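A.B. asks: let's see this in three dimensions:
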Amino acid sequence: MPVQVNIHEAKTHFSKLLARVKEGEEVIIAKAGKPIARLVPVVERPARRLPGSAKGKVTIAPDFDAPLPEAILREFEG
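C.D. replies: Predicted coordinates for the structure are as follows:
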């Protein structure tokens, strides 16, 4: 559960709040008890996907686009 602090407390203890955020905590900053901002840790972006990196690892059955059996079609239409 995030901790909520008012603006004055956030300004006074900003470094301490950032240390808590760095440890994974979320801090809500409020004005007159109403939340107005959220401090959260920065999440590293995943590496960019490289097109073609799965080449040779994926196979598609020859009947991939064949019509589905009637029993399965009925399940979808149910």
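A.B. asks: ok, Arg74 - contacts?
C.D. replies: When the contact criterion is Cβ atoms under 8 Å, 6 or more residues apart in numbering, Arg74 has no partners at all. Bear in mind the C-beta positions are built from the backbone N, C-alpha and C, glycine included.
A.B. asks: check the gap between it and Leu68 for me.
C.D. replies: Note on Arg74: its distance to Leu68, by Cβ to Cβ, to the nearest Å, is 10 Å.
A.B. asks: now do Arg20
C.D. replies: In terms of Cβ to Cβ, Arg20 sits 53 Å off from Leu68.
A.B. asks: again with Gly33
C.D. replies: Separation of Gly33 from Leu68 (Cβ to Cβ): 57 Å.
A.B. asks: more crowded one of these two?
C.D. replies: Shown here are Gly33 and Leu68; by other Cβ atoms under 10 Å, Leu68 has more neighbours (10 against 7).
A.B. asks: which strand or helix spans that one?
C.D. replies: Secondary structure assignment for Leu68, by DSSP states H and E: no helix or strand.
A.B. asks: try Asp65
C.D. replies: Using DSSP H and E, Asp65 falls outside every helix and strand.
A.B. asks: mind checking pLDDT for the residue located most distally from the centre of the chain?
C.D. replies: Distance to the chain centre peaks in the chain at Glu70, reaching 38.9 Å (criterion: Cα atoms, centre = their mean). Per-residue pLDDT puts Glu70 at 91.
A.B. asks: hey, where'd the strands end up in this structure?
C.D. replies: Here the chain has its strands, by DSSP state E, at 3-6, 27-31, 34-39.
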